[in-house]
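Q: have a look at this prediction, sequence included:
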Amino acid sequence: MTSKPTAAQHLLDLARLRRVRDRIDREYAQPLDVEALARGAHISAGHLSREFRLAYGESPYSYLMTRRIERAMALLRRGDLSVTEVCFAVGCSSLGTFSTRFTELVGVPPSVYRRQAASGTAGMPPCLAKQVTRPIRNREAPAPTPHLA
């Protein structure tokens, strides 16, 4: 028999998930995986994945990769690092996985983005360039609609 969590427990769970998300935001360049994040939150990896997806609309791994790609975009816009150097600087250990995920989120491979970004954001303040070039991702899952019985 399962019981519905109380409002207080729900708030505690959301705070725990926010700490996990904040850790990903801070430590995106470190070797993070769902198991390590779950251990830090004192919950199972499966439970973390399910609850994170419910709260934010994507898995912890997907959120981590999106954060890494956002940072990679900024580094590629600078133009002083190669794609391989950027890949490792943002915490990816596989150039192939990095390139595939980058292309999925941004729409072009990192090498093409690097060439285009130099001319596309020339003269634009960095804070504005970041907003204009941010990859599209699902920010937070929509609030569940109440079921009327």
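A: Great, that's in hand.
Q: quick check: mean pLDDT of stretch 55-62?
A: Mean pLDDT, stretch 55-62: 93.
Q: where do the domain boundaries of this protein fall?
A: 14-61, 70-133 (automatic domain parsing).
Q: so which of the ones you listed gets nearest residue 7?
A: Among the domains of the chain, the nearest to residue 7 by C-beta to C-beta is domain 14-61 (10.6 Å). (C-beta placed from N, C-alpha, C; glycine too.)
Q: ok, back up a step: TSV for the domains of the chain, including mean neighbour count and distance to residue 7?
A: Compiled in TSV, the domains of the chain are given as follows (neighbours: other C-beta atoms under 10 Å; distance: least, C-beta to C-beta, whole Å):
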stretch	mean neighbour count	distance to residue 7
domain 14-61	16	11
domain 70-133	16	33
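Q: those domains: lowest mean pLDDT?
A: domain 70-133 - the lowest mean pLDDT of the domains of the chain, at a mean of 87.
Q: just to revisit the earlier point, let me have the domains of the chain in a markdown table, extended by distance to residue 6.
A: A markdown table is the format used below for the domains of the chain (distance: least, C-beta to C-beta, whole Å):
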| stretch | distance to residue 6 |
| --- | --- |
| domain 14-61 | 13 |
| domain 70-133 | 36 |
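Q: where do the helices sit along the chain?
A: Assigned by DSSP state H, the chain shows helices spanning 7-27, 34-41, 45-56, 60-78, 83-89, 95-106, 110-120, 126-133.
Q: between helix 7-27 and the third one, find me the angle.
A: Think helix 45-56. 90 degrees (axes from the mean of the first three to the mean of the last three C-alpha atoms, to 10 degrees).
Q: elements contacting helix 45-56?
A: Secondary-structure packing of helix 45-56 (3 or more C-beta pairs under 8 Å, 6 or more residues apart in numbering; DSSP states H and E): helix 7-27, helix 34-41, helix 60-78.
Q: out of those, nearest to residue 110?
A: helix 60-78 (6.1 Å).
Q: dump the helices and strands packed on helix 45-56 to CSV, plus distance to residue 127.
A: Formatted as CSV, these follow (distance: least, C-beta to C-beta, whole Å):
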stretch, distance to residue 127
helix 7-27, 17
helix 34-41, 29
helix 60-78, 11
